[in-house]
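[1] pasting a predicted model and its sequence here:
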Amino acid sequence: MPSPDLVQQLQQLFGIESFRPGQQQAVESILNSKDVLCVMPTGAGKSLCYQLPALIQGGLTIVVSPLISLMEDQVQQLRDRNLPALLLNSSLEARAQREVITALKNGFSGLFYLSPERLFMPTTHALLNSLKPKLLVVDEAHCVSIWGHDFRPEYSRIGQVRQALASPPTIALTATATPEVRADIVHQLRLSDPATIITGFDRPNLSYQCRSFSRPQSKDEELLRIVRASTSGSGVIYCSTRKNVETLAASLSAALPKRSIIAYHAGMNALTRNKNQESFMQSASAVVIATNAFGMGINKPDIRFVIHNNIPGTLESYYQEAGRAGRDGLPAVCTLLFSEDDLKTQSFFIRNIGGQNGESDPAHIAQLRDRAQKKLDSLVRYTVLLQCRRKQIQEYFGDNVTNISDCTCDNCQRDPLKSRKPAAPKVAVSEHETLLIRKMLATIARSERKGPFGVTVLSEVLAGSKSENIRRSELDTIPTFGLLNDYRSIQIVAALHRLISTGLAERRDPNGVKFRPVIHLTGAGIAVMKGLEQVPLGLAGLFPHAGSTKKANTDSPLTEFDLSPEAKLRFDQLRAARTELAREKSLPAFVIMHDSTLRRIAQLAPADLIALGQIKGIGEKKLKLYGEALLRAMRD
Ligand code: ADP
Ligand code: MG
């Protein structure tokens, strides 16, 4: 039970009725002069964790926060409640700055917000030396860690500043920190035995979805479909480059002339940016297309969808950006659209690390690149694994995995055990798949003797890459080199991750802290490789069957020419059946089913509803509505 005093203060000072999870513990720890590390999702109410104890205990509290606009908001909100707050940053006029400094020197009691750049200005130094803060607050504390996703060099010196201030009790707050980043925060800020408060990363009202595409065009179609489907709410579409923002904004505006489509990126002038942000905030159904420059400090509760049109660099960024959806607790959808081109863009960013931030130590640059690559791998893993996405996110952030029921992520919706929907068709592992899987396992076994290596290198071996690295390690001499050269590299990476997720292989990190996980076969993997054990059922569908089928069930379109004469015949029968259905339901034919889907069906010639349901383009609804009719058409 919260102590009545604290709740009373909470009501009096902030007009808030009760604490949210974790807040009270943070407040009490500070009042007991303990250091605190507070990890809570965005919007959870981190500010209150330090504002309340700061005001209760009185004296000076220094708050370091990286974003000027956020600081200004907070200071304004405090002042609106008649609470003492000061701000020092470069946007203030000289006279206002002098007034702030005078107030501080005269023993100001309250919250003093300071931008990190300021900490290192000689004048600030002199000022700080004369101050005796009772509390130091480091907001967005992941910025201290080069392992975080938003490292800021100024932040890395806060530890020294803290010592210069005689190490006052300190609270570090962040929304996204993996266990290693957390450890780094504690280390860098030299927190002593901090109370660590981590509240859940689980966001049950968010429905996480991932889709991968080989053609940009199919991606655009999917995007348009999602935006169209959500007429009643506002949404954010994130792109990885400014150019993507502009192209997409133009094409969406053309496709949806009645919808308010707003572009936002750091290359626009501040005036336009503010105007665009304002109109987004005020509209109930606008769609903003933006780079990751958009969203920091934006607290719009009714965002109904966040689409990532390109894959971001890390799961931290993804979670933070996607997490802007559904702040009101109502259902919202977060979709990650993913193609190999995006990976190229991210790889380009990684290769450029060091160049832009003036880093010159080659070993350090190599380390940063390596780390960025691992982060990207983790995100790719998230997109390709068939496990509950909420569970994956909780695991990644080191959260205790809670009992997840009624999850609406795409993977759970496919999983008959978790979904309330009727059981998905049960599939078996085909002979073709069994063979490929055993050969993949053999590839891992062979490469272990030369390495071992991680997922990236192994996927290159399976793809038959002729890279320098592969040749140097003589990996191209493995008999199964190029085994999967017909497959897209994203499919190969996905397949490797699925071997891991079904326990046939595992990732180990021989160097501990270096985080360079390599793949090993497990006992179960060896048994399957040798044919002593069956391939786990969880791997069914890993490789859509042999030959042309493989192509048929990807999103690369089949043309008339791809169809065999028999398939062509089936296609004509299917089209006739579709015409019939369209007439019956008074719907345009393409609404019933696209030609591309009919071609896939014709090519694959599914024998029953189960097989038909596996084909791309046939959702559960279409299967139920038209499945029988289509099968009949092919039998007749
Ligand atoms: P964070 O920094 O964790 O992203 P903020 O501190 O900006 O979140 O708080 C987000 C919103 O939640 C603010 O509008 C704040 O007033 C509100 N809030 C914080 N704590 C509570 C609470 N216990 N009850 C209701 N609203 C709260
Ligand atoms: Mg905050």
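    Yes, it's here. Ligands and ions are numbered 1, 2, ... in the order given.
[2] contacting residues for the residue of the stretch 51-200 of the chain found nearest ligand 1?
    Distance from ligand 1 to each residue of the stretch 51-200 of the chain (Cβ to the nearest ligand atom) is smallest for Ala175, at 6.1 Å. Where you see a C-beta, it was placed from the backbone N, CA and C, and this is true even at glycine. Applying Cβ atoms under 8 Å, 6 or more residues apart in numbering, we find Ala175 in contact with 39-42, 44, 46, 140, 142, 320, 323.
[3] same check, this time on Lys300
    Contacts of Lys300 by Cβ under 8 Å, 6+ apart are 234, 280-281, 324, 327.
[4] so which residues on this structure come close to ligand 1?
    Taking Cβ under 6 Å from any ligand atom as the test, the list of the chain residues beside ligand 1 reads 16, 19-20, 23, 40, 42-48.
[5] quick one: which of the contacts of Lys300 is nearest ligand 1?
    Nearest to ligand 1 out of the contacts of Lys300 is Arg327 (Cβ to the nearest ligand atom; 8.4 Å).
[6] mind picking the lowest-pLDDT entry from the contacts of Lys300?
    By pLDDT, Arg327 ranks lowest within these, coming in at 80.
[7] what is the three-state secondary structure of that residue?
    Here Arg327 is recorded as coil under DSSP: H, G, I helix; E, B strand; the rest coil.
[8] what bridges to the nearest residue to Ala325 once chain neighbours are set aside?
    Among residues not flanking Ala325 along the chain, Ala332 sits closest, at 3.8 Å (Cβ to Cβ, 6 or more residues apart in numbering). Beta bridges link Ala332 to Leu206, judged by DSSP bridges.
[9] quick one: residues contacting Ala332.
    By Cβ under 8 Å, 6+ apart, the contact set of Ala332 is 205-207, 233, 303-306, 325-326.
[10] where does the stretch 401-550 of the chain dip in pLDDT?
    Where the stretch 401-550 of the chain drops to pLDDT under 70, the residues are 415-427, 509-516, 544-550.
[11] which phi and psi does the one residue in the chain that gets nearest to ligand 1 have?
    For the chain and ligand 1, the shortest gap (Cβ to the nearest ligand atom) falls at Gly45, measuring 2.7 Å. The phi/psi pair for Gly45 (degrees, to the nearest 10) reads phi 110, psi 50.
[12] mind giving me the domain ranges of the chain?
    Domain assignment for the chain, taken from automatic domain parsing, gives 4-198, 206-414, 431-539, 565-635.
[13] okay, now the spatially closest residue to Glu154 that is not a sequence neighbour: neighbour count?
    Among residues not flanking Glu154 along the chain, Pro116 sits closest, at 3.9 Å (Cβ to Cβ, 6+ apart). When neighbours are counted by other Cβ atoms under 10 Å, Pro116 registers 23.
[14] confidence score at Pro116?
    pLDDT, read off for Pro116, is 87.
[15] so which residue is smack in the middle of the protein?
    Tyr318 (2.4 Å; Cα atoms, centre = their mean).
[16] so what's that one up against?
    By Cβ under 8 Å, 6+ apart, the contact set of Tyr318 is 308, 311-312, 336, 379, 382.
[17] swap in 7 Å and give it another go.
    Neighbouring residues of Tyr318 by Cβ atoms under 7 Å, 6 or more residues apart in numbering: 308, 312, 336, 379.
[18] would you reformat these as a markdown table and include secondary structure, neighbour count and pLDDT?
    Converted to a markdown table, these look like this (DSSP: H, G, I helix; E, B strand; the rest coil; neighbours: other Cβ atoms under 10 Å; pLDDT from 0 to 100):
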| residue | secondary structure | neighbour count | pLDDT |
| --- | --- | --- | --- |
| His308 | strand | 24 | 97 |
| Pro312 | coil | 24 | 91 |
| Leu336 | strand | 26 | 96 |
| Leu379 | helix | 23 | 90 |
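[19] which members of those are the farthest-apart pair?
    Pairwise distances across these (Cβ to Cβ) peak at 10.1 Å, for the pair His308 and Leu379.
[20] please enumerate the helices of the stretch 251-400 of the chain.
    Using DSSP state H, counting those that start in this stretch, the helices of the stretch 251-400 of the chain run over residues 270-282, 315-322, 340-351, 362-384, 389-396.
[21] what pLDDT, on average, does the last one get?
    Looking at helix 389-396 alone, the average pLDDT works out to 90.
[22] contacts for that helix?
    The set of residues external to helix 389-396 that reach it, using Cβ under 7 Å, 6+ apart, is 178, 201-202, 208, 315, 319, 378, 382, 385, 401, 404, 407, 409, 411.
[23] after it comes which helix or strand?
    helix 410-414 (DSSP states H and E).
[24] past that next one, which element shows up next along the chain?
    Note on helix 410-414: by DSSP H and E, the next helix or strand toward the C-terminus is helix 431-450.
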